[in-house]
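In: With the sequence up front, the predicted model follows.
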Amino acid sequence: MIGPGGRIGRFEISRTLGRGAMGTVYLARDPRIDREVAVKTLRDPSATPELAAEVEARFHNEAKIAGRLQHPNVVTIYEAGREEGVLYIVMEYVDGEPLNRYAASRSLDVAQKIELIRQAALALGHAHEKGVLHRDVKPGNILVTRDGQVKVADFGIGKLVAGEGGLTRTGQLVGSPAYMSPEQIRGGPLDPRSDLFSLGVVLYELLTGIRPFPGNSMTTLVYQILHTDARDPLAAARDLPPVAREIFARLLAKSPDGRPADAAEFTREIARIGRADARRQAEAPPAPPVAPPAAPRVLEPSAASPPPAQASASPAPRAAPPLPGRAVAAAVAVLAAVALIALLRGRAKPAAPPGGGGTTAGPATPGLPATPVPAEGPPDAVVVAAPRAVGPPPARSGEARARIVRTPGTPADSARAGRILRTRQSVKIGVSPDQARVYLDGRYVGIADDWDDRGGGRTLPLQRDGAHRIRITLPGYRDMNVEVVRSRGAGEDTVEIGGDLARISDAPFTKLGRIDERTTGRVEFRVEPPNALVSEHGRPLGRASSFGPASPLRLTGPRVHELVISAPGRQRRTVRILVSGNAGNDRATVKLDLKD
């Protein structure tokens, strides 16, 4: 162990990032270029001098191979060395979390999880093209940065420590057997399909929260991987589309010939799960309302209709046919109950304090909590419980709620359509926290702050008539789900979704900055150095110099694109660009000088 202030080679240790059986990972500083790096040490106390020399030779060889990998989704290797009997490798420091932190999380939906695995597959595909196998693909070796970019670490290290087939000379399995392919466990020859099997296990666990091959002991686990089919993914995650069964049967086939041939085919297969899930959500009927829909009409009659007592007192145009005795009694009881409710509501509702402070609440429906109405909302604001598109029903207490606010000067009726909002054009997202991620019909479009029509944001336009699902989510908060219908007959051009997401845990989340540029779709770059790479979610889009005035980058919307600009030896920058028909600019120009 090396404490803060110590050194490994020229690298100054800042703190320990993690420890394992074979060594330690430190956060360090490279004094030559004043850059933070991660230094991973390797130590095998049981090795003989002869074996140690062989391990060191293989270590340097594998470090050279891994050092040739240059990809946005691969942790970059800077150098390797030996210090007082300790082998070390210096690599890019990734400020993020390992993927296993997300395995049981409900903060990510199916599309988000598939996107993370897609980026990991891109990294493996790049390595395979360079002739490098990972051989230790597992959630702990897949890092997710604070801006959602995947970085795959430890290329070649498992191959270094283990001999051919994943076995050391003592016959001990190295790595994580739960993620190994059958051929790796048998000690047979490996090819890229072995890494892709392991990545399929990672995806299965990410989507279901459990591993496909259960085993309380090494013997049971190995038998399951070699001889039994993976557990039914839909038994563990009922919200997955049925096609997931077919796809996982292929990703986790015992024979390599039954699996996708390469990373490109792997990504096409998992994309089918995402498309099927998006269709399922779009076709799913809206969840039933929490409160009876008739209650607001009885307790808060609109100005256009008389209150219940007046309605019952109005003379009928003709005499009604006589009712049986029981029917008369039931009708009298109903009218009495309505009158009593109205009377009690009139007595119990306190006057609002000066300035609009405080809150008011209507009478609680039996068995349900009272619905609080934020005092800052307009007089005709309605509070409705937000339905969940998937998963178990949310808890009644502390449930995320949407405050549906009509645009001033338009009829209030269209904002009172229960859980379904209606608008002619767009939606304004005014929820708190403003960092909440917004998904339109299953597609990420930005954060709430981007679509609140303030501070550089815009309203979120709906591009087609019909129903749309908006999901607002953030780690540590309960999801808010709202259905919005775009219709020419709606009362407003813009309808607002407001309210606070309910806090349920202290889970961390990445804070995103404000919008840097706005455009209807075209972006040009003036970046130094000109050969800087432009990428999005780990997918390279091209060199910055290739997107000039004559050939701008074309982006689709409505959504916010988070583009990463990077170059070797320079600090990476993330630029957030809002693309929408109401952006106000036909073209955006990104001007950057990446610092050393």
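Out: Cool, the structure landed. Numbers count the residues shown, from 1 in each chain.

In: what about Thr589, which helix or strand?
Out: Taking DSSP states H and E as the criterion, Thr589 maps to strand 587-593.

In: same question, Thr219
Out: With DSSP H and E as the criterion, the answer for Thr219 is helix 218-227.

In: what helices or strands is that helix leaning on?
Out: With contacts taken as 3 or more C-beta pairs under 8 Å, 6 or more residues apart in numbering; DSSP states H and E, helix 218-227 sits against helix 182-186. Placement of C-beta: from N, CA and C, glycine included.

In: Next, the buried residues of the helix holding Thr219.
Out: Going by neighbour count (16 or more other C-beta atoms under 10 Å), the buried part of helix 218-227 is 221-222, 224-225.

In: Ok, stretch 427-442 next?
Out: By neighbour count with 16+ other C-beta under 10 Å, stretch 427-442 contains the buried residues 427-431, 433-434, 436-442.

In: What is the nearest of these to Pro558?
Out: Closest approach to Pro558 among the buried residues of stretch 427-442 (C-beta to C-beta): Leu440, at 7.5 Å.

In: and the gap between Ala263 and Val527?
Out: Taken as C-beta to C-beta, to the nearest Å, the spacing of Ala263 relative to Val527 amounts to 29 Å.

In: Same check on Arg279?
Out: Separation of Arg279 from Val527 (C-beta to C-beta) stands at 39 Å.

In: Mind listing residues that contact the helix holding Thr219?
Out: Identification of contacts with helix 218-227 by C-beta atoms under 8 Å, 6 or more residues apart in numbering yields 173, 177-178, 180-182, 185-186, 213-215, 254.

In: which one of these is nearest Asp450?
Out: Ranked by distance to Asp450 (C-beta to C-beta), these are led by Ala178 at 39.6 Å.

In: That closest one touches Ser198, doesn't it?
Out: No: counting by C-beta atoms under 8 Å, Ala178 stays clear of Ser198, with 9.4 Å between them.

In: Quick check: Arg573 touching Ala567?
Out: No: counting by C-beta under 8 Å, no contact exists between Arg573 and Ala567, whose distance comes to 9.8 Å.

In: overlap in contacts of these two?
Out: Leu594.

In: returning to what we had before: buried residues in whichever helix or strand comes after the helix holding Thr219, which are they?
Out: Moving toward the C-terminus from helix 218-227, the next helix or strand (DSSP H and E) is helix 233-236. Burial within helix 233-236, assessed by neighbour count using 16+ other C-beta under 10 Å, is assigned to 233, 236.

In: Residues touching helix 233-236, excluding its own?
Out: Residues lying outside helix 233-236 but in contact with it, judged by C-beta under 8 Å, 6+ apart, are 204, 207-210, 212, 240, 242, 244-245, 248.

In: what about the host helix or strand of Leu143, average pLDDT?
Out: Using DSSP H and E, Leu143 sits within strand 142-145. Averaging pLDDT along strand 142-145 gives 90.

In: by contact count, what packs against the helix or strand following it?
Out: For strand 142-145, the following helix or strand on the C-terminal side (DSSP H and E) is strand 150-152. For strand 150-152, the helices and strands in contact under the criterion 3+ C-beta pairs under 8 Å, 6+ apart are helix 110-129, strand 142-145.
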